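Student: Okay, structure incoming, though there's no sequence with it:
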């Protein structure tokens, strides 16, 4: 089922920055006032957009616990709950957690409105924030440009671990192989669409020209036949 979710999105659609906003909570807001208050405190507008989609406040399940996260708004379909998928950086359907009280389609940031979907499975939830830590396999190699960093992605070991909220968070710069690759793919896609459009126009012009030519030939033939003297018919 997780593979199915990933097939719905391409590499361009992955939101890497959302993991930086992931934070454990005891419970999700159960009133609209509390939801708005927690949303203002989370300040999702301060995070960069994901391929033009603004990040909004979500309170959903993540693995066995509840988290607050800034992620793009999406549609949850199929009478099921929602969860945060760290591989996609998005809030998606949890097909293993059906919700009879949920509508067939609802906005992902409304997931906290359905109490059955925001019950923590752990008896003692972990309060804290997930930070992504990366370690170079070969620390002697200095990476000066983004291209060099991208070439070293395979040598990174990534792991998530909780950090207490009351400790000073560790800020780690993390370059992701996404910016230049995404722009390159978009350029190739635009070029492909332009080529298809040009080929289609050329084909239509050729068909129109051919039909006009055939029509003219047919009219000329009919005119010659009708202008022949009737004596020749006998």
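Tutor: Perfect, thanks for sending it. The model shown is predicted, which means the values in this text are computed figures rather than measured ones. Numbering: from 1, shown residues only.
Student: Any buried residues in stretch 18-32, and which?
Tutor: Neighbour-count burial for stretch 18-32, with 16 or more other C-beta atoms under 10 Å as criterion, is recorded at 18-25, 28-29. To be clear about C-beta, it is placed using only N, CA and C from the backbone, and glycine gets the same treatment.
Student: ok, these vs residue 46, which is closest?
Tutor: Taking C-beta to C-beta as the measure, residue 46 lies nearest residue 21 of those, at 9.3 Å.
Student: what residues are up against the closest one?
Tutor: For residue 21, the set of contacting residues under the criterion of C-beta atoms under 8 Å, 6 or more residues apart in numbering consists of 42, 44, 47, 55, 68-71.
Student: Identify each buried residue in stretch 101-118, please.
Tutor: Buried residues in stretch 101-118, counted by 16+ other C-beta under 10 Å: 102, 106, 108-114, 117-118.
Student: wait, which of the residues you listed is closest to residue 10?
Tutor: Checking those against residue 10 with C-beta to C-beta, the nearest one is residue 108 at 18.7 Å.
Student: wait, isn't that closest one in contact with residue 77?
Tutor: No: shown here, residue 108 and residue 77 do not form a contact pair, counting by C-beta atoms under 8 Å, at 10.5 Å.
Student: Please enumerate the shared neighbours of those two.
Tutor: Shared contacts of residue 108 and residue 77, defined by C-beta under 8 Å, 6+ apart, are absent.
Student: Check the nearest residue to residue 86 once chain neighbours are set aside and give its pLDDT.
Tutor: Excluding its sequence neighbours, the residue lying closest to residue 86 (C-beta to C-beta, 6 or more residues apart in numbering) is residue 19, at 5.6 Å. We have a pLDDT of 92 for residue 19.
Student: do residue 227 as well
Tutor: In this prediction residue 227 is given a pLDDT of 57.
Student: Residue numbering should commence at 277 henceforth.
Tutor: Okay, using 277 as the starting number, the last item reads as residue 503.
Student: can you tell me which of the buried residues of stretch 377-394 are in strands?
Tutor: Where those overlap with strands, as defined by DSSP state E, the overlap consists of residue 382.
Student: can you tell me which of the buried residues of stretch 377-394 lies nearest to residue 470?
Tutor: Of all the buried residues of stretch 377-394, residue 384 has the smallest distance to residue 470: 34.2 Å, by C-beta to C-beta.
Student: do you know how far the closest one is from residue 494?
Tutor: Computed as C-beta to C-beta, to the nearest Å, the residue 384 to residue 494 distance reads 61 Å.
Student: surely residue 374 meets residue 356?
Tutor: Yes: with contacts defined as C-beta under 8 Å, residue 374 counts as touching residue 356 at a distance of 5.2 Å.
Student: The two: which has the busier surroundings?
Tutor: More neighbours surround residue 356 than the other of residue 374 and residue 356, with 19 against 13 (other C-beta atoms under 10 Å).
Student: next one: phi and psi at the more buried one?
Tutor: Recorded main-chain torsions at residue 356 are phi -140, psi 170, according to degrees, to the nearest 10.
Student: list the contacts for it?
Tutor: Contacts were defined as C-beta under 8 Å, 6+ apart; by that measure residue 356 touches 369-371, 373-375, 378.
Student: Output these in TSV, with secondary structure and distance to residue 314 appended to each entry.
Tutor: Converted to TSV, the contacts of residue 356 look like this (DSSP: H, G, I helix; E, B strand; the rest coil; distance: C-beta to C-beta, whole Å):
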residue	secondary structure	distance to residue 314
369	strand	23
370	strand	21
371	strand	27
373	strand	22
374	strand	26
375	coil	21
378	coil	21
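Student: Using JSON lines, please lay out those residues together with distance to residue 473.
Tutor: Listed next are these as JSON lines, based on distance: C-beta to C-beta, whole Å:
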{"residue": "369", "distance to residue 473": "35"}
{"residue": "370", "distance to residue 473": "40"}
{"residue": "371", "distance to residue 473": "38"}
{"residue": "373", "distance to residue 473": "44"}
{"residue": "374", "distance to residue 473": "44"}
{"residue": "375", "distance to residue 473": "44"}
{"residue": "378", "distance to residue 473": "42"}
